[in-house]
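Q: Quick one, structure for this:
(one chain, ligands or ions: 1)
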Amino acid sequence: MAVNIPHHIAIIMDGNGRWAQRRGHSRVFGHVRGSSRVKGIVREADRLGVRALTLYAFSTENWNRPPTELKVLWRLLKKYLQREVAELDRENVRFRVIGELDRLDTDVREVIDSAVERLSGNSGLQLTFALSYGARRELCRAARLFAEDCESGRRHASEMNEELFRQYLWTAELGELDSVDLVIRTSGERRVSNFLLWQAAYAEFYFTDLCWPDFEPRHLQEAIQDFSSRERRFGAVGEKAVRDPRSRSDGATIARGPVAKI
Ligand code: FPP
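A: Got it, this is the predicted structure:
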């Protein structure tokens, strides 16, 4: 089946805690299982030709969780990066993080910085983790940075437009890939939860009742097939209702069967 592969997919990996509690386990067990899902989804996105994948791993609101849960989350994140960095490098994956990184502990920052540095020369899948991330914080920060540039004389208020504003966001380095095409949220919740509010302005949304620890590569394929069936008009009608100017329709194919073997 021929499908259009979204350039940029962003995933809200929700439902770890509920997944575990429904099975009589502690919430942190859900995070352990959830973190083990990340590798397969990254590989599948890469294999399908997705160019950017952003994973919402920790929100600004998540700081309000019990210290034991926070400890486990950061440990899992460090472990993931330490374990996977070599393979990500082999796969030519570039890695970035967005969010209020100065709030992270030094040991976590060190592991992140080392992975970012090691993968910085790669040009394949652009993998981004949103950590201590909140879109409102991101937008306020962008406004503040622009105001500072105006105060110092580097910019003038009349210069502000969408193109310039994007350059003040945490996603600026993604260039034209900063716009999200498809947002996936697991666990049955249908909220955007302060995630990429600017970047997802014209994104399609895909919600699944599966909790993140149950989300497998084949479910990513289903989400992409669903995306592919949607008509994206970007607010226009008729002739002008072209697809995303960046979109490609090269007949990229999601093969059924062999995919499951990866
Ligand atoms: C939502 O589940 C998930 C999180 C807050 C964190 C996501 C973290 C991981 C998948 C593990 C570590 C990440 C990486 C990238 C290795 P929840 O706890 O909010 O679930 P609930 O809504 O059922 O309570």
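Q: how close does Trp212 get to Ile184?
A: Distance, Trp212 to Ile184, by CB to CB, to the nearest Å: 10 Å. (Glycine included, C-beta is placed from N, CA and C.)
Q: what does Ile5 give?
A: 14 Å.
Q: So for those two, which sits in the more crowded spot?
A: Ile184 (26 against 22; other CB atoms under 10 Å).
Q: CA atoms only: put stretch 222-241 into CSV for me.
A: Taking Å, rounded to 0.1, in the frame of the first residue of the first chain, the C-alpha atoms of stretch 222-241 are listed here in CSV:
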residue,chain,number,x,y,z
GLU,A,222,-1.2,2.3,11.2
ALA,A,223,-0.9,5.9,12.3
ILE,A,224,1.0,6.8,9.2
GLN,A,225,-1.6,5.0,7.0
ASP,A,226,-4.3,7.0,8.7
PHE,A,227,-2.4,10.2,8.2
SER,A,228,-1.9,9.3,4.5
SER,A,229,-5.7,9.1,4.0
ARG,A,230,-6.3,12.6,5.2
GLU,A,231,-6.8,15.6,3.0
ARG,A,232,-4.6,18.4,4.2
ARG,A,233,-5.8,21.8,3.0
PHE,A,234,-3.7,24.1,5.2
GLY,A,235,-6.7,26.4,5.5
ALA,A,236,-7.2,26.9,1.8
VAL,A,237,-9.8,25.6,-0.7
GLY,A,238,-9.9,24.7,-4.3
GLU,A,239,-6.8,25.0,-6.4
LYS,A,240,-4.9,26.6,-3.5
ALA,A,241,-5.6,23.7,-1.3
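Q: Quick one: distance of that stretch to the chain centre.
A: In terms of CA atoms, centre = their mean, to the nearest Å, the centre of stretch 222-241 is set 21 Å apart from its chain centre.
Q: And stretch 21-28, by the same measure?
A: Put simply, stretch 21-28 sits 25 Å off its chain's centre (CA atoms, centre = their mean).
Q: do stretch 136-148 as well
A: With CA atoms, centre = their mean, you get 21 Å for stretch 136-148.
Q: for the record, mean pLDDT for it?
A: The average of the pLDDT scores along stretch 136-148 is 98.
Q: Put the alpha carbons of it into CSV.
A: Backbone C-alpha positions of stretch 136-148 (Å, rounded to 0.1, in the frame of the first residue of the first chain) are rendered in CSV as follows:
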residue,chain,number,x,y,z
ARG,A,136,4.2,28.1,26.6
ARG,A,137,7.7,28.4,28.1
GLU,A,138,9.2,28.0,24.7
LEU,A,139,7.0,30.8,23.3
CYS,A,140,7.6,33.1,26.2
ARG,A,141,11.4,32.5,25.9
ALA,A,142,11.2,33.3,22.2
ALA,A,143,9.4,36.5,22.9
ARG,A,144,11.9,37.4,25.6
LEU,A,145,14.9,36.7,23.3
PHE,A,146,13.4,38.8,20.5
ALA,A,147,12.7,41.7,23.0
GLU,A,148,16.4,41.5,24.2
